[in-house]
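Trainee: here are the coordinates; sequence isn't available:
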């Protein structure tokens, strides 16, 4: 019950900040607000969200990473990356888009609690595997969001009017630079995740490596992002081509992990 109360407070804090950021962007002052003292207020719900994640994931001395906990962790890491990146890029508008998602993500695990304790959690290989996987998912979540926004901005460029939310976003060149940096780092982390899963399968999962649908989707996603980075480096792929490949890679990645966990935990109740 205390966790539910704290989650509701964090949900409200995220909601209030989201409303303030959206109102500021409607006036064209989003980045000013994000870079000022007000931008630091995001640390309050972010810290509370992190505390709830620690309490839930490491409950009873184990390691519980069910689908809702994983989703909450990915959104938390995404918001944290955005908060840090705002010191270097004008991305206040992007942070405002993630705040409502964080508000929902922090509440779901407390409303719909579930226990899915994992074994072998004390091993370094397990910790490295999970850390790389969660960071990769967070970075690709950001890349997906960037790709969708880039697509919308490009479509609106040919119209006389553009919504204030899109006008408050960074220039397209900045967005694309961020997109490929996130994809590049995420690709390295995804490579480490897949490699550690293959090499240390018995230590991490307690069984020999098996080629299943989760592994298949993971490697397909890795191949999609590999081709995208190759095309961008050698042929200058950008714009709509980059958006299509990013969305495709993210969908396969979503099916590989969250899709599999959703089917097992929610539909099959395992």
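Mentor: Noted; the coordinates are in hand. Predicted model only: the values in this text are computed from it and were never measured. Numbers count the residues shown, from 1 in each chain.
Trainee: what's the burial count for residue 43?
Mentor: Counted by other CB atoms under 10 Å, the residues lying close to residue 43 total 12. Where C-beta positions appear, they are placed from N, C-alpha and C, glycine not excepted.
Trainee: Same check on residue 47?
Mentor: 11.
Trainee: cool, and residue 187?
Mentor: A count of nearby residues for residue 187, using other CB under 10 Å, gives 22.
Trainee: same question, the one 10 residues further on
Mentor: For residue 197, the neighbour count with other CB under 10 Å is 19.
Trainee: Mind telling me what element it is part of?
Mentor: Assigned by DSSP states H and E, residue 197 falls within helix 172-199.
Trainee: quick one: buried residues of that helix?
Mentor: For helix 172-199, the neighbour count (16 or more other CB atoms under 10 Å) marks 175-176, 178-180, 182-187, 189-190, 192-194, 196-197 as buried.
Trainee: Where does pLDDT dip in the stretch 1-150 of the chain?
Mentor: Where the stretch 1-150 of the chain drops to pLDDT under 70, the residues are 1-2, 25-39, 59-62, 64, 90-93, 114-124.
Trainee: Which helix or which strand is home to residue 89?
Mentor: Per DSSP H and E: nothing holds residue 89, as it lies in no helix or strand.
Trainee: Can you get me a residue count around the closest residue in space to residue 15 that isn't next to it in sequence?
Mentor: Take residue 15 and drop its neighbours on the chain: the residue closest to it by CB to CB, 6 or more residues apart in numbering is residue 103, 5.1 Å away. As a burial measure, residue 103 scores 22 neighbours (other CB under 10 Å).
Trainee: still on that earlier bit, just list what the helix holding residue 197 packs against, helices and strands only.
Mentor: When contacts are defined as 3 or more CB pairs under 8 Å, 6 or more residues apart in numbering; DSSP states H and E, helix 172-199 sits against helix 124-156, helix 201-205, helix 213-235, helix 239-254.
Trainee: Save those helices as a markdown table, and put in mean neighbour count too.
Mentor: Below are the helices and strands packed on helix 172-199 laid out as a markdown table (neighbours: other CB atoms under 10 Å):
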| stretch | mean neighbour count |
| --- | --- |
| helix 124-156 | 20 |
| helix 201-205 | 16 |
| helix 213-235 | 16 |
| helix 239-254 | 19 |
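Trainee: all helices for the stretch 1-150 of the chain, in order.
Mentor: According to DSSP state H, counting those that start in this stretch, the stretch 1-150 of the chain carries its helices in the segments 2-26, 30-35, 37-40, 43-57, 67-85, 92-111, 124-156.
Trainee: Reformat those helices as JSON lines; add distance to residue 170.
Mentor: As requested, those are arranged in JSON lines below (distance: least, CB to CB, whole Å):
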{"stretch": "helix 2-26", "distance to residue 170": "12"}
{"stretch": "helix 30-35", "distance to residue 170": "9"}
{"stretch": "helix 37-40", "distance to residue 170": "15"}
{"stretch": "helix 43-57", "distance to residue 170": "22"}
{"stretch": "helix 67-85", "distance to residue 170": "10"}
{"stretch": "helix 92-111", "distance to residue 170": "8"}
{"stretch": "helix 124-156", "distance to residue 170": "9"}
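Trainee: related to what we said a few turns ago, any idea which of the helices and strands packed on helix 172-199 gets closest to residue 10?
Mentor: Proximity to residue 10 (CB to CB) singles out helix 124-156 among these, at 18.4 Å.
Trainee: Dump the helices and strands packed on helix 172-199 to CSV, plus distance to residue 8.
Mentor: As requested, these are arranged in CSV below (distance: least, CB to CB, whole Å):
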stretch, distance to residue 8
helix 124-156, 24
helix 201-205, 35
helix 213-235, 34
helix 239-254, 28
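Trainee: Quick one, which of those gets closest to residue 95.
Mentor: Closest to residue 95 of those, according to CB to CB: helix 124-156, at 10.8 Å.
Trainee: so what secondary structure elements neighbour the closest one?
Mentor: Secondary-structure packing of helix 124-156 (3+ CB pairs under 8 Å, 6+ apart): helix 67-85, helix 92-111, helix 164-167, helix 172-199, helix 201-205, helix 239-254.
Trainee: How far does it sit from its chain's centre?
Mentor: In this view, helix 124-156 has its centroid 5 Å away from the chain centroid, taken as CA atoms, centre = their mean, to the nearest Å.
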